[in-house]
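In: quick one: sequence plus predicted model below, questions after.
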Amino acid sequence: MHAEYLFQSERLGFRNWKLSDHEPFAKLNSDPEVMEFFPKLLTPEESSAMIERMQKTFEELGYTFFAVDILERSQFIGFIGIIRATFDAFFTPCYEIGWRLQKSSWNQGFATEGTLACLNYGFNVLNMKTIHSITAVINNKSEHLMKKVGMEKIGVFDHPKLANNDPLKPHVVYQISNNQ
């Protein structure tokens, strides 16, 4: 295993964030297709602030939304990882797995492979018992991925951080346990 990576899957390396990630991450967060199911595009400053929060989370907890590279090319493609969700909902606080990848890496199995690797890391290294995932009800691609990795739908909720008239407010929540 390459020393830079905390863990790897067959094709992907998972690591903490570094300075060279700021520009490609800002580009990712300004892509309307990538950000279709998020409230807004992010500015470069907002993307950098997000990286700083993820670095701090990793330093404090040992996990975060990890920066992900394609190992073969050492190419940054986005993030896949786990955070602690504490917003007000029937299933929180919880561990939440999430992903955001560059459009050029879509439909190649990276999201599935990376999600499975992160679930394995969460269960077998961090000893998490249950991991959740959420997305807007209208985000069929992410919901499909949740099902594909073995997660089960446990409900629908209105995301408390979104306005009542926001079409993204209704969310689905899935979960998986370490014994599944």
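Out: That came through fine.

In: strands of this protein, start to end?
Out: Per DSSP state E, the chain carries strands over the ranges 7-8, 12-15, 65-70, 75-85, 94-101, 130-136, 152-158, 170-177.

In: including mean neighbour count, could those go into JSON lines?
Out: For the C-beta atoms, the positions are set from N, CA and C on the backbone; glycine is no exception. Rendered in JSON lines, the data for the strands of the chain read as follows (neighbours: other C-beta atoms under 10 Å):
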{"stretch": "strand 7-8", "mean neighbour count": "16"}
{"stretch": "strand 12-15", "mean neighbour count": "22"}
{"stretch": "strand 65-70", "mean neighbour count": "24"}
{"stretch": "strand 75-85", "mean neighbour count": "21"}
{"stretch": "strand 94-101", "mean neighbour count": "20"}
{"stretch": "strand 130-136", "mean neighbour count": "22"}
{"stretch": "strand 152-158", "mean neighbour count": "13"}
{"stretch": "strand 170-177", "mean neighbour count": "19"}
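
In: against the centre of this protein, work out the most remote residue.
Out: Computed with C-alpha atoms, centre = their mean, the residue of the chain farthest from its C-alpha average is N165, at 25.1 Å.

In: for the chain, give the helix that spans the most residues.
Out: The longest helix of the chain (DSSP state H) is helix 44-61.

In: what packs against that one?
Out: helix 22-29, strand 75-85 (3 or more C-beta pairs under 8 Å, 6 or more residues apart in numbering; DSSP states H and E).

In: hang on, the earlier thing: which one of the strands of the chain lies nearest to M146?
Out: Of all the strands of the chain, strand 170-177 sits nearest to M146, with 4.2 Å by C-beta to C-beta.

In: now do that closest one: distance to the chain's middle.
Out: A distance of 13 Å separates the centroid of the chain from that of strand 170-177, by C-alpha atoms, centre = their mean, to the nearest Å.

In: each with direction, which strands does that strand pair with?
Out: strand 130-136 (antiparallel), strand 152-158 (antiparallel) (DSSP bridges).

In: how about those in TSV, adding mean pLDDT and distance to E59?
Out: Converted to TSV, the strands paired with strand 170-177 look like this (pLDDT from 0 to 100; distance: least, C-beta to C-beta, whole Å):
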stretch	mean pLDDT	distance to E59
strand 130-136	98	21
strand 152-158	98	30
